[in-house]
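Asks: Sequence and predicted model, in that order:
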Amino acid sequence: MASDTASTSNEDADLRLKWSGRFSLKHRILALNLLTVLLVALSTIYLDTFRNRLSEERVRQARIEAAGTASALNAAGKGRSEAILAAVSRATGSRLRLYGGGGKLLADSWAVTGPTYRLEDPSKQAWTFHVARALDRGFNLLVGARRLDAFVEPAQDQLNAWPEAMTAKETGHPVTMIRNAPDLTPVISAAAVAGPGVLLVTTNDPAFTRTVRDQRGFILAAMAVLITLSILLSSFLARTIVRPLRRLAIAAQRVRLGRSREVNVPRLPERIDEIGMLARAVSDMSQSLRQRIDSIEAFAADVSHELKNPLASLRSAVEGLERVEDPQLRTQLASVIRDDIARMDRLIGDISEAARTDAELARAHFRPVDLGGLIEQLVVSWEGRRETGSARIAFARPRNDGAVVMGKPDRLARALDAILDNAVSFSPAGGLIEIAVSLVGDQVRIRIDDEGPGVPAEAREAIFNRFHSVRPDTENFGRHSGLGLAIAQAIVKGHDGEIDVQDRDDAPSGARFTIHLPAAERE
């Protein structure tokens with residue numbers, strides 16, 4: 001019941017995360033990282049742009065105030081200077097100072113109105129104030145803002161103590177400057193020519209700093225939400241990666257412990273990303289391993305069974321040889337022993353070849369093989385060592401390079417030799433074995449026809465099984481191990497080909513073996 005619940009939970013989780021398998025892991029990780037970086041960059045650019053525009057607006061207002069007040073002073077004359085300065089100071093909160101042509105201070109609005117702004121002493125502020133100043137410095141460093149001079153009231157308040165006032169006097173145009181107060185709030189000054197002297201307007205704008213800090217606070221809150229969202233998305237992304245990887249790791253561990261038959265490796269068919277590819281690759285590998293283990297176990301059982309027969313015959317012959325005194329009978333027993341030894345030697349050789357065929361093909365480096373020349377050599381070899389009957393072999397060789405495949409020549413020769421051996425065994429005396437090779441589309445087809453009794457339909461798959469041997473009555477017992485066609489099929493499949501057997505459709509009797517191999521690509 002617990003396993004069913006866990007399985008259901010895993011299936012529900014897979015369904016909830018199904019959409020996550022539609023994108024590459026690289027794309028998802030890249031998108032998540034870029035989203036955070038992009039939003040941080042956009043927030044920084046927005047705040048810097050907002051601050052610059054607000055600063056430009058404040059500077060423009062200070063310039064207009066200085067120019068307008070200077071015009072009013074020029075029109076009113078000397079007697080009303082202090083009144084005009086005081087009126088403007090009360091209206092704007094700025095400090096206005098008028099310097100004469102010699103640079104001496106003639107009038108100061110604060111002498112009438114009192115201070116209209118106060119520069120805060122940082123040493124007397126709460127800790128939050130120092131945090132705000134640290135954030136101000138950090139942001140300025142991040143955006144590469146120009147470092148501003150500190151605003152300090154001169155010990156002797158004269159015209160030459162103010163660079164902007166001196167520049168305005170020299171050029172005749174209004175000049176502005178921004179400095180930082182001790183609390184990092186901006187002090188904006190504007191100077192304009194007023195008659196023979198210069199008017200200087202200074203204003204401390206804490207509202208500017210509060211506005212910028214409010215915007216920064218809003219952005220920081222948004223960034224906090226973004227970071228939280230990024231953490232949640234990262235956790236979700238990790239879960240979509242870690243959970244299936246953990247399942248695959250557990251399955252792989254169980255396979256490693258030898259429980260491959262009990263393991264159902266998840267294939268994650270709904271995922272088309274790298275995790276899905278890995279899951280299906282591990283599943284296919286597990287199935288292949290399972291099939292290989294089953295094949296090895298079956299092969300071991302077959303080998304044990306096949307070796308017992310000649311061993312039992314040998315035991316009986318040896319035991320009989322010890323008790324029999326008749327020379328003729330002893331000679332027969334000795335002949336049986338020799339035949340059984342030869343049979344075991346042949347059987348062990350074929351078993352060794354069958355066992356290493358797959359491994360050799362897995363490590364082999366294929367090269368172009370012209371099947372016409374390869375089969376021609378086999379035919380010449382068979383005609384020179386014909387062992388049974390008087391079967392004839394006919395082969396019409398195709399033109400050079402007319403049937404080229406990628407493969408291992410000696411392995412292909414071994415497969416064709418096994419099929420020829422089978423055809424010769426079943427051919428009647430004087431029978432004809434025909435071999436034809438042709439290029440059909442992108443495949444090379446090899447057809448081997450004999451005039452034997454053919455292969456019954458129910459046995460056409462079994463003849464390719466290991467140790468399956470149904471031999472002609474005229475053949476000596478034990479001459480074949482029953483591994484020839486099995487080795488031939490393994491070699492053909494190792495070359496990505498197929499082999500089958502049918503009855504001939506152009507003769508009263510006979511078997512037709514057909515091999516299909518991928519043709520080599522032509523340059």
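Replies: Perfect, thanks for sending it. Computed from a predicted model, the values in this text were never measured in an experiment.

Asks: Which neighbouring elements make contact with the host helix or strand of Val380?
Replies: Secondary-structure element containing Val380, defined by DSSP states H and E: helix 371-384. Other helices and strands packing on helix 371-384, by 3 or more C-beta pairs under 8 Å, 6 or more residues apart in numbering; DSSP states H and E, are strand 392-395, helix 409-426, strand 432-440, strand 443-449. C-beta here means a position set from N, CA and C on the backbone, and glycine is covered the same way.

Asks: Give me the neighbour count for Asp284.
Replies: Neighbourhood size, Asp284 [other C-beta atoms under 10 Å]: 12.

Asks: likewise Val455?
Replies: Val455: 21 neighbours (other C-beta under 10 Å).

Asks: shouldn't it be in contact with Ala462?
Replies: No. In this structure, Val455 is not within contact of Ala462 by C-beta atoms under 8 Å, at 9.4 Å.

Asks: if I look at these two, which residues touch both of them?
Replies: Shared contacts of Val455 and Ala462 (C-beta atoms under 8 Å, 6 or more residues apart in numbering): none.

Asks: Could you pull out the buried residues of stretch 501-517?
Replies: Val501, Asp503, Arg504, Gly510, Ala511, Arg512, Phe513, Ile515, His516, Leu517 (16 or more other C-beta atoms under 10 Å).

Asks: now stretch 437-451, how far from the centre of its chain.
Replies: Relative to its parent chain, stretch 437-451 has a centroid offset of 42 Å by C-alpha atoms, centre = their mean, to the nearest Å.

Asks: contacts for it?
Replies: With C-beta under 8 Å, 6+ apart as the test, stretch 437-451 has contacts from 371-372, 375, 391, 397-398, 402-405, 416, 419-420, 423-424, 426-428, 431-436, 504, 506-507, 509-519.

Asks: Of all the residues in that stretch, which ones are buried?
Replies: Val437, Gln443, Val444, Arg445, Ile446, Ile448, Asp449, Asp450, Glu451.

Asks: same thing with stretch 395-410?
Replies: Buried residues in stretch 395-410 (16+ other C-beta under 10 Å): Phe395, Arg397, Pro398, Ala403, Val404, Val405, Met406, Gly407, Lys408, Pro409.

Asks: Repeat that for stretch 193-209.
Replies: Buried residues in stretch 193-209, counted by 16+ other C-beta under 10 Å: 193-194, 197-205, 208-209.

Asks: Restricted to strands, list the buried residues of stretch 501-517.
Replies: Val501, Asp503, Ala511, Arg512, Phe513, Ile515, His516, Leu517 (DSSP state E).

Asks: right, and the pair among those with maximum separation?
Replies: Spanning the widest gap among these are Asp503 and Leu517, at 22.5 Å by C-beta to C-beta.

Asks: avg pLDDT for stretch 369-386?
Replies: In this model, stretch 369-386 has a mean pLDDT of 82.

Asks: Now do it: everything it contacts.
Replies: Taking contacts as C-beta under 8 Å, 6+ apart, the residues outside stretch 369-386 that touch it are 393, 395, 397-409, 412-413, 416-417, 420, 424, 435, 437, 444, 446, 517, 520.

Asks: need the helices for the stretch 51-200 of the chain, in chain order.
Replies: Using DSSP state H, counting those that start in this stretch, the helices of the stretch 51-200 of the chain run over 81-92, 110-113, 127-143, 163-171.

Asks: Those helices: lowest mean pLDDT?
Replies: The bottom spot among the helices of the stretch 51-200 of the chain, by mean pLDDT, belongs to helix 127-143, with a mean of 61.

Asks: List just the nearest of the buried residues of stretch 501-517 to Ile64.
Replies: Closest approach to Ile64 among these (C-beta to C-beta): Leu517, at 91.6 Å.

Asks: give me phi/psi at the nearest residue to that closest one once chain neighbours are set aside?
Replies: Using C-beta to C-beta, 6 or more residues apart in numbering and skipping the chain neighbours, the partner closest in space to Leu517 is Gly497 (4.0 Å). Note on Gly497: backbone dihedrals following degrees, to the nearest 10 are phi -110, psi -180.

Asks: again with Asn204
Replies: When read as degrees, to the nearest 10, the backbone of Asn204 gives phi -100, psi 130.

Asks: ok, it touching Thr185?
Replies: Yes. Between Asn204 and Thr185 there is a contact under C-beta under 8 Å: 6.0 Å.

Asks: overlap in contacts of these two?
Replies: With C-beta under 8 Å, 6+ apart as the test, Asn204 and Thr185 both reach Leu119.

Asks: List the buried residues for stretch 488-501?
Replies: Those would be Ala488, Gln489, Ala490, Ile491, Val492, Gly494, His495, Gly497, Ile499, Val501, for stretch 488-501 by 16+ other C-beta under 10 Å.

Asks: end-to-end on it?
Replies: Terminal residues of stretch 488-501 are spaced 13 Å apart (C-alpha to C-alpha, to the nearest Å).

Asks: and for it, what are the contacting residues?
Replies: Contacts for stretch 488-501 (C-beta under 8 Å, 6+ apart): 354, 357-358, 361-362, 364, 366, 405-408, 411-412, 414-416, 418-419, 455, 460, 463-464, 511-518.

Asks: Ile188 versus the residue nearest the centre of the chain, what's the distance?
Replies: Against the mean C-alpha coordinate of the chain, by C-alpha atoms, centre = their mean, the closest residue is Glu274 at 5.2 Å. As judged by C-beta to C-beta, to the nearest Å, Glu274 and Ile188 stand 58 Å apart.

Asks: hang on, the earlier thing: want to throw the buried residues of stretch 395-410 into CSV with distance to Thr116?
Replies: CSV is the format used below for the buried residues of stretch 395-410 (distance: C-beta to C-beta, whole Å):
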residue, distance to Thr116
Phe395, 115
Arg397, 112
Pro398, 108
Ala403, 104
Val404, 99
Val405, 98
Met406, 94
Gly407, 98
Lys408, 98
Pro409, 103
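
Asks: So which of those is the closest to Leu233?
Replies: Nearest to Leu233 among these, with distances taken as C-beta to C-beta, is Met406, at 48.4 Å.

Asks: hey, what's Leu105 bridged with?
Replies: On the basis of DSSP bridges, Leu105 is bridged to Tyr99.

Asks: Test my guess that it contacts Leu85.
Replies: No. Shown here, Leu105 and Leu85 do not form a contact pair, counting by C-beta under 8 Å, at 11.6 Å.

Asks: Looking at the two, which one has more neighbours?
Replies: Leu85 (28 against 17).

Asks: Could I get the contacting residues of the more buried one?
Replies: By C-beta under 8 Å, 6+ apart, Leu85 lies in contact with Thr69, Leu96, Arg97, Leu98, Ala107, Asp108, Ser109, Val112.

Asks: now do 6 Å
Replies: Residues in contact with Leu85, defined by C-beta atoms under 6 Å, 6 or more residues apart in numbering, are Leu96, Ala107, Ser109.
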